[in-house]
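S.K.: A structural model of the following input is requested.
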Amino acid sequence: MTHDSQPSADTVDGLHPARWWHALPDGRIQCDLCPRDCKLHAGQRGLCFVRQRVGDTMVLTTYGRSSGFCVDPIEKKPLNHFHPGSSVFSFGTAGCNLACKFCQNWDISKSREMDRLMDQASPGRIAEVAAELGCRSVAFTYNDPVIFAEYAMDTADACHARGVATVAVTAGYIHAQPRREFYAKMDAANVDLKGFTEDFYFRQTGAHLAPVLDTLQAIHHETGCWLEITTLLIPGHNDSTAELQALTRWVHDSLGPDVPLHFTAFHPDYKMDEVPATPRDTLTRARRIGLEAGLHHVYTGNVRDREGATTVCPGCQAALIERDGYRITRFDLAVGPGEQGACPHCATPIAGRFSMLRLADSFGSRRIPVRMATAGSD
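M.R.: Numbering: from 1, shown residues only. The predicted model follows:
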């Protein structure tokens, strides 16, 4: 059930009316945001820790509060086909609705310490600062925006009013009704497909694979949100040739050849600090498997790999966008009306959302922290 959630006027100390919950006959209330279906007694929080029962209602405890704001290159999200070379105003909150043992942002996503939320900003203020800084988009990232959906959606409305696009970096673990409402307000999304077996999802994330596959198909087929996918390859856990073949075939057959797929390198962290880092050869093998499955755009990440970072025309194989890390070193793409891209050599369409770019105007690999309390001040 969806409950009305008004903007920040109803928010006190980060407590904001939540949507997507209903009362149960036994007196508990159930959160209907994600497939965990947390059932709460008075005062209890869901597994994400930021959705809490207060009295006979549910609230979001992190509305308007962030773990920090930063201007990043869009390629860091990673998004290679959404206005390459542009800057994105990034922020997250705290908590997560997955329990990944390999989390690379565990200090934020697994935090239950509200004092980590150091900066505050209303949706309107975020949109204002992003526009002032010349950012093409705002990204909800660092932790999963699904769990702060009300805040992200209100911010998306404020951004769109200023001509600023919105990006969700997410694991896609969300129920159908909130999914429709949430992704209707997103211009682009990178969804983490953690692995391609139910066993991996259950053992390593405490979640299930099927809802994520449903989200991927819903975004691609039912919304106008641009979609890219990332899979973090963890040695010995989700990097077998058979699993990668199954994953890439599913992407090709269910989503089509034009959805970009990023294979990224794991580094030891959180509860998997005994697992070695991903070898470069594993990323190269995964990319080859994806291309052999018929995918047009397969990338490698978290390593310096110019070949694995290059956008290639699927028609004539010309190198159209070359990257050195997050820095674009070549932009040879024809951009037409409606942000459509095409190869200038053979006219093959290149899937994505593009704008013309001079290399001198590329944001590059910078990372610029922003304190909202002082942003825009003299």
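S.K.: so where's the stretch 201-350 of the chain uncertain?
M.R.: The model of the stretch 201-350 of the chain has pLDDT under 70 over residues 270-271.
S.K.: do that again at 90, thanks
M.R.: Applying pLDDT under 90 to the stretch 201-350 of the chain picks out residues 267-275.
S.K.: where do the helices of it begin and end?
M.R.: Under the criterion DSSP state H, counting those that start in this stretch, the stretch 201-350 of the chain contains helices at 209-222, 241-255, 280-292, 306-309.
S.K.: nearest to Ala156, out of those?
M.R.: helix 209-222 (14.7 Å; Cβ to Cβ). In this view, the C-beta of every residue, glycine as well, is placed from N, C-alpha and C.
S.K.: which residues of the stretch 1-150 of the chain fall in helices?
M.R.: 106-109, 123-132, 149-161.
S.K.: wait, what's in contact with the nearest residue to Pro73 once chain neighbours are set aside?
M.R.: Sequence neighbours aside, Tyr326 is the residue nearest to Pro73 in space, at 4.3 Å (criterion: Cβ to Cβ, 6 or more residues apart in numbering). Tyr326 makes contacts with 73, 75-76, 364-365, as judged by Cβ atoms under 8 Å, 6 or more residues apart in numbering.
S.K.: swap in 6 Å and give it another go.
M.R.: By Cβ atoms under 6 Å, 6 or more residues apart in numbering, Tyr326 lies in contact with 73, 75-76, 365.
S.K.: out of these, which are buried?
M.R.: Among the contacts of Tyr326, those buried by neighbour count (16 or more other Cβ atoms under 10 Å) are 73, 75-76.
S.K.: for Thr278, state which of these is nearest.
M.R.: Nearest to Thr278 among the buried ones among the contacts of Tyr326, with distances taken as Cβ to Cβ, is Lys76, at 18.0 Å.
S.K.: grab the nearest non-local neighbour of that closest one.
M.R.: Spatial nearest neighbour of Lys76, excluding adjacent residues (Cβ to Cβ, 6+ apart): Tyr326 at 5.6 Å.
S.K.: beta partners of Pro17?
M.R.: Val59 (DSSP bridges).
S.K.: number of nearby residues for it?
M.R.: 17 (other Cβ atoms under 10 Å).
S.K.: distance check, it against Leu213.
M.R.: Using Cβ to Cβ, to the nearest Å, Pro17 is found at 31 Å from Leu213.
S.K.: likewise Val167?
M.R.: Taking Cβ to Cβ as the measure, Val167 falls 21 Å from Leu213.
S.K.: beta-bridge partners for Cys31, please?
M.R.: Counting by DSSP bridges, the residues bridging with Cys31 are Trp21.
S.K.: actually Ala188, not the one I typed
M.R.: Using DSSP bridges, the beta-bridge partners of Ala188 come out as Val167, Trp226.
S.K.: tell me, what's the model's pLDDT at it?
M.R.: At Ala188, the model reports a pLDDT of 98.
S.K.: ok, the residue nearest to His296 when sequence neighbours are not counted to Arg304 distance?
M.R.: Counting by Cβ to Cβ, 6+ apart, Pro314 is the residue found nearest to His296 once chain neighbours are left out, at 4.0 Å. Look at Pro314 and Arg304: by Cβ to Cβ, they are 24 Å apart.
S.K.: quick one: which of these two has more around it?
M.R.: When neighbours are counted by other Cβ under 10 Å, Pro314 and Arg304 differ, and Pro314 comes out ahead with 19 against 11.
S.K.: surely that one is in contact with Leu295?
M.R.: No. In terms of Cβ atoms under 6 Å, Pro314 does not count as a neighbour of Leu295; the distance is 9.2 Å.
S.K.: tell me the pLDDT of Gln6.
M.R.: Predicted confidence (pLDDT) for Gln6: 44.
S.K.: so what's Gly352 up against?
M.R.: Going by Cβ under 6 Å, 6+ apart, Gly352 touches 81, 341.
S.K.: ok, now how distant is it from Ala375?
M.R.: For Gly352, the distance to Ala375 equals 30 Å [Cβ to Cβ].
S.K.: and the most centrally placed residue in the chain, how far is that from Glu228?
M.R.: The chain has Val169 as the residue nearest its centroid, 0.9 Å off, counting by Cα atoms, centre = their mean. Distance of Val169 to Glu228, given as Cβ to Cβ: 10 Å.
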